[in-house]
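*Asks:* Return atomic coordinates for the entry below.
(2 chains)
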Amino acid sequence: MVRGERVMVTLKELPVEDYIVSGHRMCAGCGPAIAARMALKAAGPNTIVVNATGCLEVATTIYPYTSWKVPWIHVAFENAAAVASGIESAIRVLARKNLMKQQPNIIAFGGDGGTFDIGIQALSGALERGHRFLYICYDNEAYMNTGIQRSGATPLGAATTTSPPGRVISGKKEWKKDLIGIAVAHGIPYAATACISYWSDYINKVKKALSFNGPTVIHVLSPCQLGWRFNSNETIKIGRLAVQTRIFPIYEVEHGKYRLNINVTKPLPVIEYIKIQGRFRHLLEPQNSYIIENIQKNVDLQWNHLLKLCSME
Amino acid sequence: MRIIGLTGDEAVAYAVKQCDVDVVAAYPITPQTIIVERISDFVANGEINTEYVCVESEHSALSACIGASVMGARVFTATSSQGLALMHEILYIASSLRLPIVMAVVNRALSAPINIHGDHSDMMGSRDCGWIQIYVENAQEAYDTTIQAFKIAESPNVSLPVSVNLDGFIISHSMERVEILDDEDVKIFLPPRKPLYRLDVENPITIGPLCFTDYYFEFKKQQAEAMEKSYKTIMDVMNEYSRVTGRSYKFIDTYGIEDSEILIVCMGSTCGTARYTARRLREKGEKVGVIKVSLYRPFPSEELIEAIKNAEALIVMDRAVSFGASSGPLCSDVKNTLYDAGFKIKILNIIYGLGGRDVSQKDIEQAFRLGFKLKSGDIKDRVLWLGVRE
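*Replies:* Here you go, the predicted model:
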């Protein structure tokens, strides 16, 4: 595709072929499974996947089975970006020596724990070195694979098994880390947020990211019915609410230039997003109403900051 | 063949250059740094067609090596001490994925207290990581062993990573006379890598899946068998290299074992001092000898049994300590081997040289004296620390 053009894919245009296929053991209504499936529809079969340890890895490859129809490797939790660096370097030198003709896409998938927390060093190193690969962080806002522990991506107020609401503490006390801000600080050619509920935006971003000759990052919000505690038929709806409340803004940064991809002109109040998820249930108690107010204030602040970055103020 | 002056680190880098390595991913750490500096020079001057990935940690170094190796590339890394410890997690994955990565480990003490000098605690801390482990005595062996390591690792009968261990500073930073093969001879000895499998979009495979109680155990058995079966290939490669160079390479190297009452068993740079001291003592009529263990994993049990059968007492010298164990790691291996073979020989374990504490001819002579005392029953200790202030 021509970079910079928005290619709106209609459902009819969406490739029928899947490169992560059914039979895996991801939960019903799993957001990350959708994130991986859509990314590979966009990337196609000429793709090598590196997968950090996490839900996506453990539930798609239980030996002797695999759901992956593209070459796939898992090494460890914190090093997907480093493994991708090695793959990319090998391809470069083997091509130079005429030992390899293929020029495959390289996509590294990491969850929020594997990206925001334990994998941030390897990611930073790979971004700084400028390897040509796409890093997709499928963010379900906690360590879901190990049983819903808080990560640097868990939002303020959320209940997890390591940020449980108790008599003196009401869920996670800290704000979510700004992953795209960190990625952009490396001066990489392209970084974007996306949400599985906006599949056209997401897969166009995957295609676009793969067209750059350098490192690119997509941070895709991928709701988790188990950890966020909603019904498994509500995954897409929850993702949509995250965007429509401005809690998770959809934007991209191309060579440092910010562009808002989904302008939410009439935002819903954050309570609409909060009240239908079990992880926020304790916030609905009267003594915690100030927390919801703080979340709303922060969302407004962040949105205005983003508009400034997008020169839309 | 050419003769040039090289430090141990430079000798390793020179070997890497001649081996036409595709990808080097490494992170600097004293005393390994000269290796990565020289390789960087080669890359900067266009003397090698290699991608050098300047990673941000040793953990990422070995992770990138895995990524490159799984694409079919010939891959090298180097580290020391804390760097190897940081790699620990990935060491096991490299060997379990059966990737023929070669790594120079410039042996250095582990913190705390922080110390940059040579001992074997780093590799011994990762002893059970499933890598073939070879210890060298000098710069020449560092050069020769690096070349052999690629051939061993990449052999389809082995397909395991290999670590080449050289003592920090004593070998890594000492300039020595090194005989260098012609580039063409290295090419003939070491043809391009032919990977057993690789990540290929035309033939997609899944590498590194989750594996439960139903298969994991079998994988580990196969891995143990691969290590067990590697003896033959290692021996073949050593024999071939010895033929090409005229320099003898074996699992263990012996001096004076035919008639010696007391034998010192040791590894690394100390072997030279031990042999020199043994020669001086033998000139005075004392029956002493030395066994140098070059191949540490897989452990050369058969060769060791053969080498000690005429001795009356053994001094096993460990440049590492296994806290709370009955002996150091090398001595444990020796004892295991000899117990299984039915030997009741007297053994004294000497812990020495930690944190780079110098080991002189006098120390070795004292070790032999302890051996004679052990033989006559005048020592009851099983472990003694040599050269430590108490």
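*Asks:* does the residue nearest to residue A:263 when sequence neighbours are not counted sit in a helix, a strand or a coil?
*Replies:* Counting by Cβ to Cβ, 6 or more residues apart in numbering or on different chains, the nearest residue to residue A:263 once its immediate chain neighbours are dropped is residue A:312, at 7.8 Å. Glycine gets a C-beta too; all of them are placed from N, C-alpha and C. Per DSSP: H, G, I helix; E, B strand; the rest coil, the local secondary structure of residue A:312 is coil.
*Asks:* Residue A:312 against residue A:260, yeah?
*Replies:* Yes: look at residue A:312 against residue A:260 with Cβ atoms under 8 Å: they come within range, at 6.2 Å.
*Asks:* Settle it for me: which of those two has more neighbours?
*Replies:* Ranked by neighbour count (other Cβ atoms under 10 Å in any protein chain shown), residue A:312 and residue A:260 place residue A:260 first, with 17 against 12.
*Asks:* Next up, the contacts around that one.
*Replies:* Taking Cβ atoms under 8 Å, 6 or more residues apart in numbering or on different chains, we find residue A:260 in contact with A:249, A:250, A:251, A:306, A:307, A:310, A:312.
*Asks:* thinking again about what came up before, any figure for the gap between the residue nearest to residue A:263 and residue B:79?
*Replies:* Distance, residue A:312 to residue B:79, by Cβ to Cβ, to the nearest Å: 49 Å.
*Asks:* what's the answer for residue B:177, then?
*Replies:* From residue B:177 across to residue B:79, the span is 27 Å (Cβ to Cβ).
*Asks:* do residue A:125 as well
*Replies:* 16 Å.
*Asks:* Now the residue in the stretch 1-150 of chain A positioned nearest to chain B: closest residue in space that isn't a chain neighbour?
*Replies:* With Cβ to the nearest Cβ, the shortest gap between the stretch 1-150 of chain A and chain B falls at residue A:86, namely 2.6 Å. Counting by Cβ to Cβ, 6+ apart, residue B:67 is the residue found nearest to residue A:86 once chain neighbours are left out, at 2.6 Å.
*Asks:* Show me what the host helix or strand of that neighbour is packed up against.
*Replies:* Residue B:67 is located in helix B:58-69, with elements delineated by DSSP states H and E. Helices and strands touching helix B:58-69, by 3 or more Cβ pairs under 8 Å, 6 or more residues apart in numbering or on different chains; DSSP states H and E, are helix A:80-96, helix A:120-129, strand B:23-26, strand B:51-54, strand B:75-79, helix B:81-96.
*Asks:* from the ones you listed, which stretch is densest packed?
*Replies:* strand B:75-79 (a mean of 32; mean count of other Cβ atoms under 10 Å in any protein chain shown).
*Asks:* Using PDB, list the CA coordinates for that strand.
*Replies:* Coordinates of each C-alpha in strand B:75-79 appear next as PDB, following Å, rounded to 0.1, in the frame of the first residue of the first chain:
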ATOM      1  CA  VAL B  75      26.400 -17.000  15.400                       C
ATOM      2  CA  PHE B  76      28.900 -15.900  18.100                       C
ATOM      3  CA  THR B  77      28.800 -14.100  21.400                       C
ATOM      4  CA  ALA B  78      31.200 -13.500  24.200                       C
ATOM      5  CA  THR B  79      30.800 -12.600  27.900                       C
END
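*Asks:* and it, how far from the chain's centre?
*Replies:* 14 Å (Cα atoms, centre = their mean, to the nearest Å).
*Asks:* What of stretch B:236-251?
*Replies:* Relative to its chain's centre, stretch B:236-251 lies at 16 Å (Cα atoms, centre = their mean).
*Asks:* OK, contacts around residue 126?
*Replies:* This is for chain A. A:81, A:82, A:84, A:85, A:133, A:135, A:215, B:60.
*Asks:* that's the other chain; I wanted chain B
*Replies:* Contact analysis of residue B:126 by Cβ under 8 Å, 6+ apart lists B:84, B:85, B:87, B:88, B:91.
*Asks:* could I get these as CSV with distance to chain A and pLDDT?
*Replies:* Below are the contacts of residue B:126 laid out as CSV (distance: Cβ to the nearest Cβ, whole Å; pLDDT from 0 to 100):
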residue, distance to chain A, pLDDT
B:84, 16, 98
B:85, 15, 98
B:87, 11, 98
B:88, 11, 98
B:91, 11, 98
